[in-house]
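Visitor: Quick one, fold the following:
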Amino acid sequence: MLFVVGDSLDLGGGDLRLVDHLRTGMNLEVIVTSDDSLPDVADTDLIIVSQSSSSHVIGPRFQDEAIPVLVMHDNLWDDMLLSGESGDTAPLTDITVLDASSPVSGGWPRGTHTAFDSGQSLRYVTGLAAGGLPVAAAGDAEDQVIVFTFEQGAQLTIGTAPARRVGFGARVGAYEEFVGPAWDIFDASVIWLLGAEPWFHSNALLLVGEEQSILNASEWAVRSRLRALGYEVTVLVDSQVGTVVPERFDLIVMSKTVQSDVVGAALKPMAAGVLFWEDNQQMLSMMATIDNSGEAGTTWHATGTHFFFDAADSADELRAGHEGPLQVLMIAGEITYAPAGELGPGAIPIARYGSDGSDGRYAMYAYPAGATLADGTDAAGRRIYFGLYDDTYRHLTRDGVALFDAAVAWLSPGSE
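Guide: Okay, the predicted model is just below:
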């Protein structure tokens, strides 16, 4: 996939967020290139053109390419023969889904939804070519279309589309403010343009500490990754944990943004697999995965980038085949762990904190269903602790994402 920006050596926050999301949320290979040094695109399966690029430099470069293109720069819509002109909206946070049946609607129903965390001026299309299909509009102005699609062969202003096209009128600054529908429409656009079909075989609960409209960037990436792995994802905040119907979910993922004293031991008796990285939830009074009450303090995290794997600790499937030191974060960040020597008797050690693991703090470990926890009770279902922090998932390396995927696979129904 080619991601075209203004300057690939100086990415702004919006472009960085989309690139991180594509890589860690959707696990896609992304090549970032500047608009004035475009490579040969013959072997590219998708081109995304950011609004940070220069339309004067790119011009009609991709007009005749038989490669799907996500055009996020409105000044290229006419060069791509998708429309005539475009216009600006006033700052707004909402969009209106016009066609819920569209493959790029992200599953959102027709109607108005909050798509940006703060007011954003968007770009809408005027004079959409005959083959264009409107998907979403700015605010509640249904005539100001900001997302639209063209199927291969659809009528353009001149000729027909050589491959699928999607227009998405978000300015680069708005990428940092994506929430809910904006992320889902972006993801669905990428999936549709790549010719893939989204499918869900299981249900997952993502438990967070904030309302869904303000999930942090890592939580949105986790949600997208779970969807890519075949999970329909329900997001609940920690105060709603009492409403959870255990039989509804095959997997529960708990972010560190939850308040442990709010969640308490609510997840402990659930038979679904639980993947979590809220370090306080390890305590005896909660998930009981470590022999520690927290009375002496719960600062169970340190800055780093590496996990250390010992092949003698666990099976290949839990280590994703890794042995020795492995960089799991692209940049230094907080890694949470279990204090040395405090895992319960039924725990399966997976990875220690640090590049040599010499101090015995486990940043990743598992319990099979029925294994003895630190408080002497049996685990009601499979459990994996994965030592992330509040907003570090989005900085996982490809190896780190592979570890996350391996954890999800082991926790999944039917896993041996």
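Visitor: The stretch 1-150 of the chain: strands as residue ranges?
Guide: Here the stretch 1-150 of the chain has its strands, by DSSP state E, counting those that start in this stretch, at 2-5, 31-34, 47-49, 69-71, 85-88, 94-97, 111-114, 123-126, 133-138, 145-150.
Visitor: Which residues does the first one contact?
Guide: To tie it back to what came earlier, the one meant is strand 2-5. With contact meaning C-beta atoms under 8 Å, 6 or more residues apart in numbering, strand 2-5 is reached by 11, 15, 18-19, 22, 30-35, 38-39, 41, 44, 46-50, 52-53, 58. Bear in mind the C-beta positions are built from the backbone N, C-alpha and C, glycine included.
Visitor: Just give me the residue closest to the centre of the chain.
Guide: Ala221 (1.6 Å; C-alpha atoms, centre = their mean).
Visitor: so which helix or strand takes in that residue?
Guide: Per DSSP states H and E: Ala221 is located in helix 217-228.
Visitor: Show me what that helix packs onto, helices and strands only.
Guide: Judged by 3 or more C-beta pairs under 8 Å, 6 or more residues apart in numbering; DSSP states H and E, the packing partners of helix 217-228 are helix 13-20, helix 180-193, strand 202-208, strand 231-237, strand 251-254, helix 398-411.
Visitor: of the contacts of strand 2-5, buried ones?
Guide: 11, 15, 18-19, 22, 30, 32-35, 38, 41, 46-50, 52-53, 58 (16 or more other C-beta atoms under 10 Å).
Visitor: for Ala141, what are its contacts?
Guide: Ala141 neighbours (C-beta under 8 Å, 6+ apart): Thr89, Thr96, Tyr124.
Visitor: Among those, which one has the most neighbours?
Guide: With neighbours set by other C-beta atoms under 10 Å, the maximum within the contacts of Ala141 is found at Tyr124, which has 24 neighbours.
Visitor: Can you show me the strands along the stretch 201-350 of the chain?
Guide: 202-208, 231-237, 251-254, 273-276, 301-304, 306-309, 324-327, 333-336, 348-353.
Visitor: Can I get those strands in TSV including mean neighbour count, mean pLDDT and distance to Met26?
Guide: Conversion of these to TSV gives the following (neighbours: other C-beta atoms under 10 Å; pLDDT from 0 to 100; distance: least, C-beta to C-beta, whole Å):
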stretch	mean neighbour count	mean pLDDT	distance to Met26
strand 202-208	22	94	16
strand 231-237	19	90	14
strand 251-254	25	97	17
strand 273-276	25	97	19
strand 301-304	16	96	26
strand 306-309	23	96	23
strand 324-327	16	96	21
strand 333-336	23	97	21
strand 348-353	25	96	24
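Visitor: Nearest to Arg383, out of the ones you listed?
Guide: strand 273-276 (5.1 Å; C-beta to C-beta).
Visitor: residue ranges with poor pLDDT in this structure?
Guide: In the predicted model, the chain carries pLDDT under 70 at residues 197-199, 211-213, 414-416.
Visitor: any idea how far Asp399 is from Asp40?
Guide: 29 Å (C-beta to C-beta, to the nearest Å).
Visitor: now do Thr243
Guide: Thr243 is 53 Å from Asp40, by C-beta to C-beta.
Visitor: again with Asp140
Guide: 44 Å.
Visitor: Measure how buried Gln152 is and give me the count.
Guide: 14.
Visitor: which residues does it contact?
Guide: By C-beta under 8 Å, 6+ apart, the neighbours of Gln152 are Ala161, Pro162, Ala163, Arg164.
Visitor: Can you tell me the closest non-neighbouring residue to the last one?
Guide: Computed as C-beta to C-beta, 6 or more residues apart in numbering, the closest residue to Arg164 that is not its neighbour in sequence is Pro68, at 4.4 Å.
Visitor: Burial check on Val57, number of neighbours?
Guide: Quick note: Val57 (other C-beta under 10 Å) scores 14 neighbours.
Visitor: Now it: closest residue in space, sequence neighbours ignored.
Guide: Asp35 (4.5 Å).
Visitor: Now for the one you found: which residues touch it?
Guide: Contacts of Asp35 by C-beta under 8 Å, 6+ apart are Val4, Val5, Gly6, Ser53, Ser54, Val57, Ile58.
Visitor: ok, now Thr114?
Guide: Thr93, Asp94, Val179, Gly180, Pro181, Ser213.
Visitor: circling back: now the residue nearest to the centre of the chain. Nearest residue, chain neighbours left out?
Guide: In space, and not counting its chain neighbours, Ala221 is closest to Gly25: 3.6 Å by C-beta to C-beta, 6+ apart.
Visitor: Wait, that neighbour touches Ser224, no?
Guide: Yes. Between Gly25 and Ser224 there is a contact at 3.7 Å, judged by C-beta atoms under 8 Å.
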